[in-house]
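**Q** Got a sequence here, can you model it:
(one chain, ligands or ions: 1)
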Amino acid sequence: MPELPEVETMRRGLEKIVGLRIHSVSFPAAKRLRSLLFKPSPQRLKTRLLSLVITGIRRIGKRIVIDFNSDESLVIEPRMTGLLLLANSPSPEHNRVEICFDDSSIHPLIYWDRRGLGTVQLLSVHTMSILFNSNRIGPDALLITAEDLQCRLGRSRRPVKVALLDQRGLSGIGNIYASEILFRAQIHPRAPCNRLLPQAWGRLHESIQSVLREAIQLKGSTLSDATYRTPQNRSGGFQFHHQVYGKQGTSCFVCGNPIERFVQAQRATFACPTCQNMRFLRKL
Ligand SMILES: [Zn+2]
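**A** Okay, the predicted model is just below:
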C-alpha cells in the first residue's frame with residue numbers, strides 16, 4: 001500500500017498544482033520523528049526546490065514524479081503509509097514535507113507518512129533513466145499488452161501471484177490488487193507462470209485492466225487501518241468491492257465456499273479454492 005490505483009488517484013488529485021511556483025519548503029517532523037530517506041538532505045532540498053515551477057505530475061509504477069522547469073524531478077515513493085495531500089492531513093504531527101506555492105489560494109502540498117518508510121528524492125533526468133530503465137521497472141500495469149504480459153512472465157516457474165508483485169515484470173500491482181485480480185481471472189495464485197495456458201494470459205490481462213480501472217474510478221482502497229486517503233483527505237471506495245482480500249472464512253461471492261488465506265513469499269494471499277482451481281494449467 002499504496003498501489004497503482006491509490007498512487008494514480010494521488011497523481012490526478014495533484015494535477016492542479018501544475019504551473020505553480022514553489023514559494024517555500026519545510027520539513028515539520030524532521031526534529032521529532034525518525035527521518036525517512038531524503039536525497040539530498042532536507043536543507044539542500046529546500047534550496048534546490050525554491051522558486052521552481054511545476055511542469056508536470058507523472059506516475060512511475062507506485063511512485064509520483066513531480067517535474068520542474070529544470071532537469072531534475074522530485075520522485076516520491078509512498079511505500080507503506082505515505083500520502084500526498086492538498087488538504088489538511090490526518091495527523092499534522094506526521095507531515096514530513098510541506099511545499100507552499102506563490103498562489104496562496106492553493107493548499108500547500110503535504111507529504112505525510114506515519115511510519116516514515118517512504119522516500120523523497122530529487123533526481124536528475126540521467127539518474128532517473130538508470131533507476132527506472134525497463135530492466136528495473138517493468139511496463140505500467142495499465143499499459144502493458146496481453147502479449148507483453150505473457151512474454152515477460154510466461155517463462156517463470158514462480159507462482160503467478162508472486163510474479164505479479166515483482167515490479168521488474170510489470171509495475172504498479174501490490175498485495176491487495178494481486179489477490180483481487182487473480183480472483184476475477186479465476187486463476188489460482190499458486191499456479192506456476194510457465195504452466196498457464198494461453199487463454200489464462202488473456203484472462204489475467206483483462207482482469208488486471210478491469211480491477212485497476214475500477215479501483216481508480218473509486219479512488220483506491222482504504223482498509224480498516226484507515227491509512228490511505230485521497231489528496232483531499234477522503235477515503236477511497238474500492239474496499240467495498242474487494243471480493244477476496246481480507247475476507248478469509250467468509251463465503252465466496254460466486255460459489256459460496258469459504259475464502260482461504262495463505263502466505264506466499266511472506267505476503268498474505270486470499271483466494272477461493274473452488275473458483276480459482278487449476279483448470280487454466282497445462283498438464284504435466
Ligand atoms: Zn468461489
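**Q** And the residue of the stretch 51-200 of the chain closest to the ion?
**A** residue 183 (8.1 Å; CB to the ion). Backbone N, C-alpha and C define where each C-beta goes, glycine included.
**Q** is it true that that residue touches residue 241?
**A** No - taking contacts as CB atoms under 8 Å, residue 183 lies outside contact range of residue 241: 11.5 Å.
**Q** More neighbours: which of the two?
**A** residue 183 (27 against 12; other CB atoms under 10 Å).
**Q** Show me what the helix or strand hosting that one is packed against.
**A** If you go by DSSP states H and E, residue 183 is part of helix 175-185. Counting contacts by 3 or more CB pairs under 8 Å, 6 or more residues apart in numbering; DSSP states H and E, helix 175-185 packs against helix 160-165, helix 198-217, strand 267-271.
**Q** which residue packs closest to residue 74, ignoring adjacent ones?
**A** Spatial nearest neighbour of residue 74, excluding adjacent residues (CB to CB, 6 or more residues apart in numbering): residue 66 at 4.3 Å.
**Q** how near is the residue of the stretch 51-200 of the chain closest to the ion to residue 274?
**A** Distance of residue 183 to residue 274, computed by CB to CB, to the nearest Å: 11 Å.
**Q** before we move on, back to that, for the ion, find the nearest of the helices and strands packed on helix 175-185.
**A** Judged by CB to the ion, the one of the helices and strands packed on helix 175-185 that comes nearest to the ion is strand 267-271, at 8.8 Å.
**Q** Residues touching the closest one, excluding its own?
**A** Strand 267-271 is contacted from outside by 161, 165, 175, 178-179, 182-183, 188-189, 244-248, 259-263, using CB atoms under 8 Å, 6 or more residues apart in numbering.
**Q** What's the PyMOL line that selects buried ones from the residues you listed?
**A** In PyMOL, this line selects whichever of those come out buried by 16 or more other CB atoms under 10 Å:
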select buried, resi 161+165+175+178+179+182+183+188+189+244+245+246+247+259+260+261
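**Q** quick one, what contacts the residue of the stretch 51-200 of the chain closest to the ion?
**A** 243, 244, 270, 271, 272, 275, 276.
**Q** helices or strands up against the helix or strand hosting residue 262?
**A** Per DSSP H and E, residue 262 falls inside strand 260-264. If contacts are counted by 3+ CB pairs under 8 Å, 6+ apart, strand 260-264 sits against strand 267-271.
**Q** List the buried residues in the strand it packs on.
**A** Buried residues in strand 267-271, counting neighbours by 16+ other CB under 10 Å, are found at 269, 270, 271.
**Q** what about the helices in the protein?
**A** 4-14, 42-49, 125-131, 146-153, 160-165, 175-185, 198-217 (DSSP state H).
**Q** The ion contacts on this structure?
**A** Applying CB under 5 Å from the ion, we find that the chain lies next to the ion at 252, 254, 255, 272, 274, 275.
**Q** which of those tops the neighbour count?
**A** residue 272 (24 neighbours).
**Q** is it true that that residue touches residue 259?
**A** Yes - here residue 272 lies in contact with residue 259, judged by CB under 8 Å, at a distance of 5.6 Å.
**Q** Find residues that contact each of those two.
**A** 244, 252.
**Q** end to end, how far does stretch 23-33 reach?
**A** Taking CA to CA, to the nearest Å as the measure, stretch 23-33 stretches 25 Å from start to finish.
**Q** Also stretch 37-45?
**A** 12 Å.
**Q** residues in contact with it?
**A** Taking CB under 8 Å, 6+ apart as the rule, stretch 37-45 contacts 25, 27, 30, 35, 48, 118, 119, 120, 121, 122, 123.
**Q** I'd like those residues laid out as TSV, including pLDDT and neighbour count.
**A** Shown next, in TSV, are the contacts of stretch 37-45 (pLDDT from 0 to 100; neighbours: other CB atoms under 10 Å):
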residue	pLDDT	neighbour count
25	98	19
27	95	20
30	76	15
35	78	13
48	97	16
118	96	24
119	97	16
120	97	22
121	98	19
122	98	20
123	98	18
